[in-house]
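# quick one: sequence plus predicted model below, questions after.
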Amino acid sequence: MEKRPEHCANTSLLLSTGIGSRFSNLNKSFKYSLRSLLTSCSKEEFYKAFSSFSNNEKELLHRLFLQVITSLHENIEDEFERVCLETQAGATLDAVEEIVEEQDLDVLLSDRSNIMDVAENLSMAKNNEIQHLVHMIQMGEEHNQMLRTRLQQLREGNQVLSAASQAVEKFKSMNLNYGATSGDGIDDV
């Protein structure tokens, strides 16, 4: 399979931009990872997958598979390099590398950064703790309000039951009174 010219052009363009070691490591890692992901199928495994085919068909299919994988490798690598160029990943990683080197050389900056990091982490931890406590208080208040509401409902329910009980008793007594007075008149007839 023949190599496409834009692949070589992208590689030479990347190399001409003065790639730092971080970008170079990123590029190599990407290519190694890609290669291991796309070539994880051995020839024997491939043949097993197509066991019902003849040996000639298996060989042709395997060659086609290799061509597709090779083309896929090139396409993905080209796209990765294109995205890196568009996003200026190389320049960004070079800047990071330069900043790291400067910080390594400046001992006082390193110490001050560590103190500032510790202060920031401590402040963040305290803020998180305060937020957690405020949340716990809110949950407690909500629970207390729910209990107050439930207690009020139970009190109102008892009053309703008491009123209903009184109404039933009154109805019974009226019913008994009615039966007692109407019963006397029936006997007289």
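Yep, that arrived. Numbering: from 1, shown residues only.

# need the pLDDT of R63.
Looking at R63, its pLDDT is 91.

# and for L108?
Confidence score, pLDDT, at L108: 62.

# with A180 instead?
Per-residue confidence (pLDDT) for A180: 66.

# who are the packing partners of the helix or strand hosting V134?
Using DSSP states H and E, V134 maps to helix 107-188. If you count contacts as 3 or more Cβ pairs under 8 Å, 6 or more residues apart in numbering; DSSP states H and E, helix 107-188 packs onto helix 89-105. For the C-beta atoms, the positions are set from N, CA and C on the backbone; glycine is no exception.

# relative to helix 107-188, how tilted is the helix it packs on?
Note on geometry: by axes from the mean of the first three to the mean of the last three Cα atoms, to 10 degrees, helix 89-105 and helix 107-188 are set 110 degrees apart in direction.

# got the CA positions of helix 89-105 in PDB?
Below are the C-alpha coordinates for helix 89-105, written out as PDB (Å, rounded to 0.1, in the frame of the first residue of the first chain):
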ATOM      1  CA  ALA A  89      -0.800  21.500  21.000                       C
ATOM      2  CA  GLY A  90       2.900  21.400  20.300                       C
ATOM      3  CA  ALA A  91       3.300  25.100  21.200                       C
ATOM      4  CA  THR A  92       1.200  24.800  24.300                       C
ATOM      5  CA  LEU A  93       3.200  21.800  25.500                       C
ATOM      6  CA  ASP A  94       6.400  23.600  24.800                       C
ATOM      7  CA  ALA A  95       5.200  26.600  26.900                       C
ATOM      8  CA  VAL A  96       4.300  24.200  29.700                       C
ATOM      9  CA  GLU A  97       7.700  22.600  29.500                       C
ATOM     10  CA  GLU A  98       9.400  26.000  29.600                       C
ATOM     11  CA  ILE A  99       7.300  27.100  32.600                       C
ATOM     12  CA  VAL A 100       8.100  23.800  34.400                       C
ATOM     13  CA  GLU A 101      11.800  24.200  33.700                       C
ATOM     14  CA  GLU A 102      11.700  27.800  35.000                       C
ATOM     15  CA  GLN A 103       9.900  26.800  38.200                       C
ATOM     16  CA  ASP A 104      12.400  24.000  38.800                       C
ATOM     17  CA  LEU A 105      15.200  26.500  38.500                       C
END
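
# appreciated, that's everything.
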